[in-house]
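J.: build me a model:
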Amino acid sequence: MNVDAHQHFWNLEKVNYPWLSQESEIINRTFEAPELEPLLRVNGIDKTIVVQAMDSYQDTEYMIDTAARYDWIAGIVGWVPLNRPEEADQKLEAFIRHPKFKGVRHLIHEEEDPDWLIRDDVIEGLRVLASYGLPFDVVAVFPNHLKHVPTIAEKVPDLKMVIDHLAKPPIKVGEIESWAKEISKAAEYTRVYAKISGLNTAASEKWTSEDLKLYIDVALEKFGAKRLMFGSDWPVANLAGDYHKVWTETNKVLDHYSPLEKEAILGGTAIEFYHLEGE
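T.: Next up is the predicted model:
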């Protein structure tokens, strides 16, 4: 089963997304399930994980409602206020009643404080999240946030985490050493996973699989295929290509790996990480 473990929807009439106003008009519009569905069919994707695009209850409720109407949506990664642990606890108790609620994310790269993730109140919120057995998507942007992953792993050892977009390595400038050092530190913790997603928008305009290969190879070496998962990052992916290009160029890299490794990255890891069995 092929799983896209990282895609988004947004409806500008239902939810406010302030960050979109700063983006290209290519993605500054409504994107919903009917637009994605034919792309999944053409590319052979069986299931997806819809990931939050705003730190708001409205966005999470919108995703829950959407997921209930499409069988191919296997799960959603929503939002709760991790910096308000008691409130987060109450909302998680309600959200987990929805069978497709699979995890939590916060737009930490939108926070003015680059150290927001390791604040005491947020650490407590992450402990609450771990108590529900739910994982945390770390939307890290290198180098500001990746360095905090080992700290979280030490302070909240029961928490499973996945680093979105390999923390946006500096592919465009071809730098790899400092990123590889930090991603290696994060990978030392067995409950830390990573997504091969969003790499195209970190690369140059005319990117190909060759631009991504070095970074994916490092990730495979450090995490192993059983802790890596594919994600399209659609519709953000449209800023530098489209769904089909992300899928095909990523697969060109994965074709160098064993069938078992490829199977894990394209579905098996996401099924295990987000507990998608039986969906």
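J.: and the nearest residue to residue 136 once chain neighbours are set aside, how far from residue 243?
T.: Residue nearest to residue 136 in three dimensions, not counting chain neighbours: residue 161, with 5.0 Å by C-beta to C-beta, 6 or more residues apart in numbering. Just so you know, the C-beta spots here come from the backbone N, C-alpha and C atoms, and that holds for glycine as well. From residue 161 across to residue 243, the span is 26 Å (C-beta to C-beta, to the nearest Å).
J.: coming back round to it: what's the burial count for the residue nearest to residue 136?
T.: As a burial measure, residue 161 scores 24 neighbours (other C-beta atoms under 10 Å).
J.: which residues are contacting stretch 203-222?
T.: Contact with stretch 203-222 is made by 166, 169, 171-172, 176, 179-180, 183-184, 187, 194, 196, 199-200, 228, 240-241, 249-250, 252-254, 256-257, 261, as judged by C-beta atoms under 8 Å, 6 or more residues apart in numbering.
J.: so which of these are in strands?
T.: Judged by DSSP state E, the contacts of stretch 203-222 include 194, 196, 228 as members of strands.
J.: correct me, but the last one touches residue 263?
T.: No - using C-beta atoms under 8 Å, residue 228 is not in contact with residue 263; the gap is 11.6 Å.
J.: can you verify my assumption that residue 20 contacts residue 27?
T.: Yes - using C-beta under 8 Å, residue 20 is in contact with residue 27, at 7.1 Å.
J.: quick one: neighbours of the residue nearest to residue 172 when sequence neighbours are not counted, just the number.
T.: Closest residue in space to residue 172, ignoring its immediate chain neighbours: residue 204 at 5.1 Å, by C-beta to C-beta, 6+ apart. The local packing of residue 204 (other C-beta under 10 Å) involves 13 other residues.
J.: element containing residue 77, please.
T.: For residue 77, the element it lies in under DSSP states H and E is strand 73-78.
J.: pull up the pairing partners for that strand, direction included.
T.: strand 47-51 (parallel), strand 101-106 (parallel) (DSSP bridges).
J.: out of those strands, which comes closest to residue 86?
T.: strand 101-106 (15.4 Å; C-beta to C-beta).
J.: so which bits of whatever helix or strand comes next after that closest one are buried?
T.: The first helix or strand that comes after strand 101-106 along the chain, using DSSP H and E, is helix 120-131. Residues 122, 123, 124, 125, 126, 127, 128, 129, 130 are the ones in helix 120-131 that count as buried (16 or more other C-beta atoms under 10 Å).
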